[in-house]
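Chemist: sequence unavailable; structure follows:
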């Protein structure tokens, strides 16, 4: 008797921007367990330009894909302010949901998303891609198998490629915490399993665009975290690294230290007249492509009833709690206890 192949998970992607374009292409080309069925964006031409070469249909509104019984899941890559409604509506329609970080920007809305997914019995995964990058996986393994020992000092950083070319006036307030350092907050929790952050002290300023400081645009930050198991952690971010995208992590314990993250796209080194060089890229979608594919593979596995280690909606809430505490710390120039933002 020949077993029939398991049908692919049918996915609709909502949001045809930069990261949505990457994710749609990765799902269509690199994820053999899923099928990209539709791309949704109110900019219909953008949706069509992305969808048609990938064999998917384009739609202007999410209503159609949420009502389509042949669609199993949605991938939300819209601006963060739109996540809440889409997640709640998708869960209510019985669709599994993968949402880019942050889960939302407000804690009460984030809790509603988690509750909606639980009520509907669907998977809700947040796009914390570092959990799926090989170096970070190996670092977590070194913690799990005891080589690092008890974590004592941790570090995570995100530096976006420069020169900064965005428009501060069009950048949502507190982006550096809610959409950039949110990755680092999740990474630090993940590298210190079983512990939770209980205190946050944050500093942030406009060092790249000082002219935008008066409008509240912050482009550089360092955040100190204290965990309830005694460990200390540092998260830092910059919007303008001259050498390109830079993501690194470190966990130090009484047994050793593990580091993760590199600007290399391969492990090839070239030795020539100009010295030693290696393959690199300035783009996150190049450096972390395998991690992006890995998180979608885990999403499909979870939908099919497996139990992969995925960043859940609850993880999205925990990271957002830290981000909100960091914002309060900057506003009031003091250390903030997590219970102040969670009660």
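Modeler: Now that the structure is in, tell me what you want to look at. Because the structure is predicted, anything quoted here is derived from the model rather than measured. Residues are numbered from 1 along each chain as shown.
Chemist: same for the host helix or strand of residue 39, what does it pack against?
Modeler: Assigned by DSSP states H and E, residue 39 belongs to strand 34-40. Judged by 3 or more Cβ pairs under 8 Å, 6 or more residues apart in numbering; DSSP states H and E, strand 34-40 is in contact with strand 9-14, helix 18-30, helix 44-51, strand 57-59, helix 63-67. Where you see a C-beta, it was placed from the backbone N, CA and C, and this is true even at glycine.
Chemist: ok, and what's touching the second one?
Modeler: Think helix 18-30. Contact with helix 18-30 is made by 11, 13-14, 16, 34-36, 39, 41, 50-51, 54-56, 75, 77-78, 100, 285, 289, 292-293, 296, as judged by Cβ atoms under 8 Å, 6 or more residues apart in numbering.
Chemist: and the closest residue to residue 269 other than its chain neighbours, what does it touch?
Modeler: Spatially, and ignoring its direct neighbours in sequence, residue 269 is nearest to residue 278 (5.0 Å; Cβ to Cβ, 6 or more residues apart in numbering). Counting by Cβ under 8 Å, 6+ apart, residue 278 touches 264, 266, 267, 268, 269, 270.
Chemist: do that again at 7 Å, thanks
Modeler: By Cβ atoms under 7 Å, 6 or more residues apart in numbering, the contact set of residue 278 is 264, 268, 269, 270.
Chemist: and the helices in the stretch 151-300 of the chain?
Modeler: 175, 181-190, 284-287, 289-303 (DSSP state H, counting those that start in this stretch).
Chemist: comparing the ones you listed by mean pLDDT, which bottoms out?
Modeler: With a mean of 83, helix 284-287 has the lowest mean pLDDT of these.
Chemist: mind listing what's buried in that helix?
Modeler: For helix 284-287, burial by neighbour count (16 or more other Cβ atoms under 10 Å) applies to 284, 285, 287.
Chemist: and the contacts of it?
Modeler: Residues from elsewhere that reach helix 284-287 (Cβ under 7 Å, 6+ apart): 22, 245, 263, 265, 281.
Chemist: which two in these are spaced the farthest apart?
Modeler: The most widely separated members of the contacts of helix 284-287, counting by Cβ to Cβ, are 22 and 263 (18.3 Å).
Chemist: measure residue 181 to residue 128 for me?
Modeler: Distance of residue 181 to residue 128, given as Cβ to Cβ, to the nearest Å: 12 Å.
Chemist: with residue 266 instead?
Modeler: 24 Å.
Chemist: more neighbours: these two, which one.
Modeler: Comparing residue 266 with residue 128 by other Cβ atoms under 10 Å, the one with more neighbours is residue 128, at 27 against 8.
Chemist: OK, contacts around the residue positioned nearest the centre of the chain?
Modeler: Nearest residue to the geometric centre of the chain (Cα atoms, centre = their mean): residue 128, 3.1 Å. Listed by Cβ under 7 Å, 6+ apart, the contact set of residue 128 reads 101, 183, 186, 311, 315.
Chemist: of the helices and strands packed on strand 34-40, which is nearest residue 255?
Modeler: Closest among the helices and strands packed on strand 34-40, using Cβ to Cβ: helix 18-30, at 36.4 Å.
Chemist: flag every buried residue along that closest one.
Modeler: Neighbour counts over helix 18-30 (16+ other Cβ under 10 Å) mark 20, 21, 22, 23, 24, 25, 26, 27, 28 as buried.
Chemist: next: stretch 166-176.
Modeler: In terms of neighbour count (16+ other Cβ under 10 Å), stretch 166-176 has its buried residues at 168, 171, 174, 175, 176.
Chemist: which helix or which strand is home to residue 115?
Modeler: Going by DSSP H and E, residue 115 is part of helix 107-120.
Chemist: how far out from the middle of the chain is the helix or strand just after that helix?
Modeler: Where DSSP H and E defines the elements, the next helix or strand beyond helix 107-120 is strand 124-126. The chain centre lies 10 Å from the centre of strand 124-126; the measure is Cα atoms, centre = their mean, to the nearest Å.
Chemist: again with stretch 199-218
Modeler: 22 Å.
Chemist: tell me the buried residues in it?
Modeler: Judged by neighbour count using 16+ other Cβ under 10 Å, the buried positions of stretch 199-218 are 199, 200, 201, 202, 204, 206, 208, 209, 212, 217, 218.
Chemist: looks like the second one contacts residue 325 (just checking).
Modeler: I take that to be residue 200. Yes: between residue 200 and residue 325 there is a contact at 4.0 Å, judged by Cβ atoms under 7 Å.
Chemist: where exactly do the strands run in the stretch 201-343 of the chain?
Modeler: Remark: strands assigned in the stretch 201-343 of the chain by DSSP state E, counting those that start in this stretch are 220-227, 232-241, 246-253, 257-260, 264-272, 275-280, 336-337.
Chemist: quick revisit: list of residues touching the strand holding residue 39?
Modeler: 8-14, 16, 24, 27-28, 47, 50-51, 54, 56-59, 61-62, 65, 71, 296, 300.
Chemist: then stretch 136-146?
Modeler: Under the contact criterion Cβ under 7 Å, 6+ apart, stretch 136-146 has outside partners 130, 148, 151, 187, 190-191, 193, 249, 251, 255, 258-260.
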